[in-house]
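# Quick one: sequence plus predicted model below, questions after.
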Amino acid sequence: MFAPDSSKNNTGGLTPVYLLAGFLGSGKTTLLLALLERLKAQGRKPAVIMNELGDVNLERQLFDDELPMSELLGGCICCSSRGDLSLEIHGLMEREQPDIILIEATGAANPLESIDGITEASMYQKVQLQGVITVVDGSLLLERGRNGKGKTFKLLLEGVRCATLLVLGKGDRLEPEEKVEAQQLLREWNAYAPIVSSFRGQLEDWTPFEDMDNGAAVSRQHETQTETEGQPRSTQIQSAQMQSVQSRSPFNMISSKAGQDHDHVMAVTYYFEGPVDSEAFEELLNTLPDNIYRAKGIVRFGDTSSGSRFLFQYAYKETDFMRIEPQGDVHDVAVFIGEHFSRQELVEKLEQLKGIQGA
Ligand SMILES: Nc1nc2c(ncn2[C@@H]2O[C@H](COP(=O)(O)OP(=O)(O)OP(=O)(O)O)[C@@H](O)[C@H]2O)c(=O)[nH]1
């Protein structure tokens, strides 16, 4: 998938672009970091575009300072910043001349619309959409997949349908039989894309990435579906993706309603005025309502050694804290993402942290 020299792969000297899709908190950034390590070891020059629903890219801290990165904040590629994606690609190509571009969409993005943005860029830059890697949280897939309805289900389904490679993440949270069930469901939804399991970004099998060194997955998936001669290849990919969604999907309206499927998802960004008490903060996370399924941010704890700051992650009731030393001027801030939750109630709870001992 990631050929050491793009001039030698079948992109014909065009810079390959990969879209990382997958529902909120599924493990896209974790995989992206692992992919970047791999590319670094191969001596490649990647650039990254990150799209976040919140107003800040909290995960910038996790990436190498030297990595060329551009950020689309405060909305989805597929709606509010839709037109911006192709501009960002254009800008990165002009400034950095990367030999590969990885785009992480927000977990609430419609992949078809992101694909649209990439193909638009390929009209005026030498870039080519080379793959859509969809990361799936196994537990969420089973929970929502069995249920078979709802907007989250539709977003999940759409992400899976568009994929040229499916990464079944968080395998550690699945029983062996559940893993088989999840793989079967993925296969039902997408008959073509290779499926690999991952644990915290480490793939059980990296072969699909090697197999795809020459763009094989994309061509393999599409050569049977599109015979459109004389069109830019990226346009073929896009139309094939659309066709594949429409022809295999019992939910044809998904593609026609592109951009509307995640209107229910909302994000609240909160800036802390000072340190908070670690236990009270953990308690707040542990008691978040079910409809807030994702949160992340940078906090400072008043009851731990002075000046310690933590990047916290919360996804579907699991919480992680990582001690960090932010570079530059970074606020203490948290972003909460979910569906139809009360902004006011959440902010009130956060405000209450101010008065708690230890903070
Ligand atoms: N148990 C478990 N947790 C994981 C795994 N991979 C990632 N996580 C955790 O899941 C949370 C979300 O991971 P991210 O990589 O930030 O997910 P994301 O898809 O980029 O999230 P958004 O950008 O908010 O959509 C973090 O706390 C990760 O540490 C895994 O294989 N197993």
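Perfect, I can see it now. Numbering: from 1, shown residues only.
# Okay, and the residue nearest to L168 when sequence neighbours are not counted sits in which element?
In space, and not counting its chain neighbours, L168 is closest to S197: 4.8 Å by Cβ to Cβ, 6 or more residues apart in numbering. In short, each C-beta sits where N, CA and C put it, glycine included. Using DSSP states H and E, S197 sits in strand 195-199.
# again with E66
Applying DSSP H and E, one finds E66 in no helix or strand.
# got the phi/psi numbers for it?
phi -80, psi -10 (degrees, to the nearest 10).
# hmm, back to that, hey, C-alpha coordinates of the strand holding S197 in CSV?
Listed next in CSV are the C-alpha coordinates belonging to strand 195-199 (Å, rounded to 0.1, in the frame of the first residue of the first chain):
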residue,chain,number,x,y,z
ILE,A,195,-10.2,-7.2,6.9
VAL,A,196,-7.3,-7.0,9.4
SER,A,197,-7.5,-6.9,13.2
SER,A,198,-5.7,-4.4,15.3
PHE,A,199,-4.8,-3.8,18.9
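# from now on call the first residue 3
Shifting the count to begin at 3 puts that one at strand 197-201.
# hang on, the residue nearest to L170 packs against A184?
No - using Cβ atoms under 8 Å, S199 makes no contact with A184, being 9.1 Å away.
# Please identify which of these two sits among more neighbours.
Set S199 next to A184 and count neighbours by other Cβ atoms under 10 Å: A184 wins out with 24 against 20.
# give me the number of residues near the residue of the stretch 253-361 of the chain found nearest the ligand?
Going by Cβ to the nearest ligand atom, the ligand is nearest to Q315 of the stretch 253-361 of the chain, at 3.2 Å. Applying other Cβ under 10 Å, we find 20 residues neighbouring Q315.
# Equivalent analysis for the one 4 residues further on, please.
The local packing count at K319 equals 11, with neighbours defined by other Cβ under 10 Å.
# Tell me the pLDDT of it.
Looking at K319, its pLDDT stands at 83.
# Check L22 too.
So L22 comes in at 94 (pLDDT).
# The one 4 residues further on too?
For L26, the pLDDT comes out at 85.
# is it true that it touches R296?
Yes - at 4.5 Å, L26 and R296 qualify as touching, with contact defined as Cβ under 8 Å.
# any common contacting residues for those two?
G109, A317, I339 (Cβ atoms under 8 Å, 6 or more residues apart in numbering).
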